[in-house]
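**Student:** no sequence on hand, only this structure:
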């Protein structure tokens, strides 16, 4: 989405990106970002919390209206209601959510992709 936003902006269409992975999205250089410190997949608020989601979207509309410099980031004031335990599963080199079988399959796919790329097929 970040690259799409940059492309749209280069062609005169203003964008706002809503994201949970702030470091990645800012690194790509999106023009306007609304960041929520939530698990991936929930950048606009918690599931079934329509009031919170509306407020996050409103922050995006205001950012679109008021951001006059590139790479403007707005941080939402919300915290994940179930706590920060989700971060322990994501921000760790061990990846406890990944079984050995899943990791083995992922490594095999990764190696296959590397071979295709080296052969010029990707």
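**Tutor:** Alright, I've got the coordinates. As the structure is a computational prediction, the values presented were derived from the model and not from experiment. Numbers count the residues shown, from 1 in each chain.

**Student:** CA only for contacts and neighbour counts going forward, please
**Tutor:** OK.

**Student:** need the residues that contact stretch 2-13.
**Tutor:** 14, 15, 16, 17, 25, 28, 29, 30, 31 (CA atoms under 8 Å, 6 or more residues apart in numbering).

**Student:** any of the residues you listed buried? List them.
**Tutor:** 15, 16, 17, 25, 29, 30, 31 (16 or more other CA atoms under 10 Å).

**Student:** tell me which of those is nearest to residue 102?
**Tutor:** Residue 102 lies nearest to residue 25 out of the buried ones among the contacts of stretch 2-13, by CA to CA, at 26.6 Å.

**Student:** which non-adjacent residue is nearest that closest one?
**Tutor:** residue 2 (6.3 Å; CA to CA, 6 or more residues apart in numbering).

**Student:** distance of that neighbour from residue 62?
**Tutor:** Computed as CA to CA, to the nearest Å, the residue 2 to residue 62 distance reads 19 Å.

**Student:** neighbour count for these two, which is higher?
**Tutor:** Between residue 2 and residue 62, residue 2 has the larger neighbour count (other CA atoms under 10 Å), namely 21 against 11.

**Student:** dihedrals phi and psi, that one?
**Tutor:** Dihedral pair for residue 2: phi -60, psi -40, per degrees, to the nearest 10.

**Student:** repeat for residue 76
**Tutor:** According to degrees, to the nearest 10, residue 76 has phi -70, psi 150.

**Student:** residue 42 now?
**Tutor:** Dihedral angles for residue 42 - degrees, to the nearest 10 - are phi -130, psi 50.

**Student:** the closest residue to it other than its chain neighbours: neighbour count?
**Tutor:** Nearest residue to residue 42, sequence neighbours excluded (CA to CA, 6+ apart): residue 20, at 7.0 Å. Neighbours of residue 20 under the rule other CA under 10 Å: 21.

**Student:** look up how far residue 80 lies from residue 20.
**Tutor:** Residue 20 is 11 Å from residue 80, by CA to CA.
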